Each structure stands twice: as structure tokens, then as C-alpha cells.
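Novice: could you look at this predicted model? Sequence included:
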Amino acid sequence: MNVPADLLYTDEHEWVRLEGDVTVVGITDYAQHELGDVVYVELPEVGERITQHAPFGVVESVKAASDLFAPISGEVIEINTRLADAPELVNTDPYGEGWMIKVRPDNWETEHANLLNADAYRRLIEQE
Amino acid sequence: MSEGALRKTPLYEVHRQMGARMIPFGGWTMPVQYTSILEEHRAVRTAAGLFDVSHMGEFEFTGPGARPLLQHLTANNVEKLRPGQAQYSMFLNKRGGTIDDLIVYCLEEDRYLVVVNAANIEKDWAHVSHVAAHFGGARAHNRSDAYALLALQGPRSQAILAPLTEADLTALPFYHVMPAHVAGISVLVARTGYTGEEGFELFVAPANAPALWQTLIDAGRQAGLRPAGLGARDTLRLEASLPLYGHELDEDTSPIEAGLGRFVAHEGDYIGADAIRRQREEGVSKRLVMLEVRGRGVPRHGYPVHTPEGQEVGRVTSGSYAPWLKKNIAMAYVPPEWAAPGQTLTVLIRGRAAEAIIVRRPFYRRPRGTTPRATTTAR
């Protein structure tokens, strides 16, 4: 299972990457593998505010709908509109073209301490 | 329930070796997918898929009283069945509710095999035993452990199977059954299935199931055959508008309400016949409808169905993204006045109303294929 070292993770299997003063959010390789074929992703609108650990959207596979949990709090400044027509990108490239939202974080310095680093996340999925 | 408490089919180790993801289903641990539900679904629509459905139950009825017993136990007209023919049917309760849906295979004049749903085997067997006790000349046996069952489904299934058997498959019409050998293994081959495609179901002794499975996987590889799990089985049957017990059918739901009236006899004193007659004369309070959801999101079991004015009139019984149709589809029960094709309703998906339109069943019908048609249909 691919767990890139430069990302931070939630225990609900989302990842977040800091790019300057913006963060990019998606779900992990483990999550997409567990879900199976993703057929629909429901994302917030640009401008909406999301809260760390609270649901911000839904990812639907053939078999089930699963909440997406925000790794950080902040304002949604961009959503991956390609997922509307190509939700399978979440399966094929979860850390790249399958990204979900870009967020301007309210308080990265405080909140990123609540997230898992790659080693801790890897231990988590090995236990599941 | 822990996996240890679940029953395993004779192909359990084969599934594990093939990398299947296993899930609990009806008291069994079953493969839900091998690689991808979408790919397995597509393989069955375009080439072929091989399913392990050994969890299904088999009851054998023998003796001169077998036919009258089945005529009383099941809702379809068993008198129409000749040896070699099969019939979709149900066990009903006295209220016309469905104890289970099933297929009756007439193997010989006095010998029948009834295939029931895995989750209902014990309940069905208690019902059958209770009724059979009052019938002379018939023996009923629960032979569920004596049969493994493989389903080979898809447009290329006949081309894959034919070279492996001496049997003339072109002489086997839809809903017919015959004994045969496949790669030397003794089987009952039936032209039945649960995918909306042409295909076969192969009854085989459990000890021979792994060899038969491997033979079919190898023989079908060039033709694009893939092993397929319960995930694809569910999306395939939903596209074909086929009911799943526990979703579209239960003890409070009659086959008339489910739109299966053509499988229910008009005459006869089968259990539930009075209630069915009354429903046919007086009408029913709910009807199963096929919904194409035009709004965003996937409809799922239990989601509310509303009128355009926002009044709740039913619930989704099965719903999914339909991989072949590339639409979101669902089945639901609504009152008859809301059940006409063309009617617009809404499905509440996580609190948001998604527009849905009632379409005619089935959602998906296979292109005209090579399956020989029965001259007299027993269905």
C-alpha cells in the first residue's frame, strides 16, 4: 500500500499536503482500495468552510457511501471538477489526479499536530 | 459475526488464492470481488463471468407424490413442467407473502431439485418439512451440502462451455436442465442465471468443484472470462430488474406486488392461493417500480422516495450505480397510484431530493443472442 512520506493523514484515511499557504486533500491508497470502484464524489462548494474531523463530503463506491472527514479546518478554495466525470481517478491516482479539494487552512500550525505522519498511518492500516 | 462462524463453500481456498475480497453473506463467507466490480460486471455483459454460488440451497423431492407436493408448496404451476424443464417460482405464506423465491428443476417425472436462497435454507426447510409431513408418496431431502453451484454467465458462455462437453448445448433452451459431463466431471447443466445475460448454472459434487472451476477459468481465459463476485452479481441482477430476497421480496410482500404475477398460477390450491386471488381481484397496496435517478448521487437501500410535492410514498429496496447503463438506478415500492411508467418521483439522497423517473422493466435487456427459445415455455 502506497503511503507517501511527505503527507499527513487522518485516522479516517484522508491525506493532506501543504503547498505554500494552501493544502490539498484526498483519500489514501488504502482507502480507495478498501472502497473499490469509486463511482461518485460529493464535494463542498468553493467558498464553503470545513472543520477538522467533521464530514466535508461523501465518496461513493459501487457498494457503499462513505463520509469524507476534513483533515484541517479552513475555506475551500478549489474542488477537483474532473471527478464529476471521472471519479475513477480516485482509484487510479489517489495522491495525484484523484485529489479532492484545496483548502486555505485557518490554523495549520495548531491543527497539523492532530494528524498522523506516514509511519503512524502505516501502523494504523496494518492493524486494520 | 466472526469469519470463523461463517460457512465456507468448497471453493473458499480457490477464492483466497485468486485474491478475492471475502465478505459475510447469508451466513457464508463469499467473494464480493476479485479485482473490480465494474470490470467483472463488464466482463459478464461483453464476454463471460464465473461465479461461485455454492451457498445456494438445494432441496430434492422424489416419488410419485413429489409433483402434488410441489404444486401445493410453490406458487407457479408445476403441472406445466416436463422432465428437463425449469421454472421460477416462490414459497408463499397464507397471506401471499413470500417465504422465498426459487427455481424448480424437473429432473425426471418423479424427481425435482428446488434451489433456494442461502440465507433462507433453514427457514425454507422447516416450512417444507412441515408441509411434506401431510403428503404421502413424496420424499423431501435437504441436499444443500451435496451440491456446489457454479454460474457461467455472459454472451460467450456457450462458446466456452461447448468444447468441454459432449452435451449439445444448442438443444438446451432457456430454463432447461440436463445431466452432462464437463471435462469428464459429472454435472447438471441448466440454462438459468441471475445476470440478465445468457448463461449456465452447473451443479456439481463439492469435491469436484475446484477442478471444474479451474477448467472453466482456463478454458475461458482467451475469451475474456473473469471470476466474478457477489458485488457484480448484485449490480448485474439489478440492471436486469431481478428481485433479491430480503430487498424486493419478503414475508410481507407478494409476487403480485413485486410484478412477478406471470410466475404465479391463476388456479390451484397452493399455499397462499386465496390471498393471491384476492389481490388479483381487489388490487394491491404497493407496487415495485424501476427508478432511473436523474439527480446526483447513488440511491441506496432504505432511502425515502417522495412525490414531487414532497410526500413520502415509499423506500428504495435496492439501488446502485449501474455499471453497464452508466446511470443510477433503483427499485422501490410505492402505492399503485404513483407506480405508472413516466411518473416523476424523487429519491432523498442524504436529505437532498434527486429527481427520479419510473421506467419500464427491465432496465437492461440483453441483445438478441443465440440462446434457443423453448417451444413451450414453463416459466
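Specialist: Good, I have the coordinates.
Novice: give me phi/psi at A:Pro105?
Specialist: phi -70, psi 150 (degrees, to the nearest 10).
Novice: ah, wrong one, I meant B:Leu238
Specialist: Dihedral angles (degrees, to the nearest 10) for B:Leu238: phi -70, psi -40.
Novice: so how far is chain A from it?
Specialist: 11 Å (CB to the nearest CB, to the nearest Å). All C-beta spots, glycine's among them, are computed from the backbone N, C-alpha and C.
Novice: which residues touch that residue?
Specialist: B:Leu244, B:Ser318, B:Gly319, B:Ser320, B:Ala322, B:Ile329, B:Met331, B:Phe363 (CB atoms under 8 Å, 6 or more residues apart in numbering or on different chains).
Novice: show me the contacts for the third one.
Specialist: The contact partners of B:Gly319, taken as CB under 8 Å, 6+ apart, are B:238, B:291, B:293, B:298-301, B:303, B:328-331, B:347.
Novice: and of those, the nearest to A:Ile50?
Specialist: B:Val298 (22.3 Å; CB to CB).
Novice: how about whatever residue of chain A ends up closest to chain B, secondary structure?
Specialist: In chain A, the residue that lies nearest chain B is A:Val39 (4.0 Å; CB to the nearest CB). Recorded secondary structure, A:Val39: strand (DSSP: H, G, I helix; E, B strand; the rest coil).
Novice: how many residues are close by B:Tyr303?
Specialist: As a burial measure, B:Tyr303 scores 21 neighbours (other CB atoms under 10 Å in any protein chain shown).
Novice: just to revisit the earlier point, quick check, nearest of the contacts of B:Gly319 to A:Asp106?
Specialist: For the contacts of B:Gly319, the nearest to A:Asp106 is B:Val298 (31.9 Å; CB to CB).
Novice: can you count the residues close to the closest residue to the closest one other than its chain neighbours?
Specialist: Take B:Val298 and drop its neighbours on the chain: the residue closest to it by CB to CB, 6 or more residues apart in numbering or on different chains is A:Glu60, 4.7 Å away. A:Glu60: 23 surrounding residues under other CB under 10 Å.
Novice: look at A:Glu60 and report its pLDDT.
Specialist: A:Glu60 is assigned a predicted lDDT (pLDDT) of 96.
Novice: ditto for B:Ser2
Specialist: Predicted confidence (pLDDT) for B:Ser2: 51.
Novice: find the closest residue to chain A in the stretch 251-379 of chain B.
Specialist: For the stretch 251-379 of chain B, CB to the nearest CB, closest residue to chain A: B:Tyr321, 4.0 Å.
Novice: partner strands of the helix or strand harbouring that residue and their direction?
Specialist: Applying DSSP states H and E as the criterion places B:Tyr321 in strand B:312-322. Counting by DSSP bridges, the strands paired with strand B:312-322 are strand B:304-306 (antiparallel), strand B:327-334 (antiparallel).
Novice: just the ones you listed: most buried one?
Specialist: For the strands paired with strand B:312-322, the largest average neighbour count (mean count of other CB atoms under 10 Å in any protein chain shown) is found in strand B:327-334, namely a mean of 24.
Novice: near chain A, which residues of the stretch 101-250 of chain B show up?
Specialist: B:Gly231, B:Thr235 (CB under 8 Å from any CB of the partner chain).
Novice: list the contacts for the residue of chain A closest to chain B?
Specialist: A:Val39 neighbours (CB under 8 Å, 6+ apart): A:Glu60, A:Ser61, A:Val62, A:Pro87, B:Leu38, B:Val298, B:Tyr321.
Novice: excluding chain neighbours, what is closest to the spatially most central residue of chain A?
Specialist: Residue closest to the mean C-alpha point of chain A, counted by CA atoms, centre = their mean, is A:Gly26 at 2.5 Å. Excluding the flanking residues, the one nearest A:Gly26 by CB to CB, 6+ apart is A:Trp99, at 4.5 Å.
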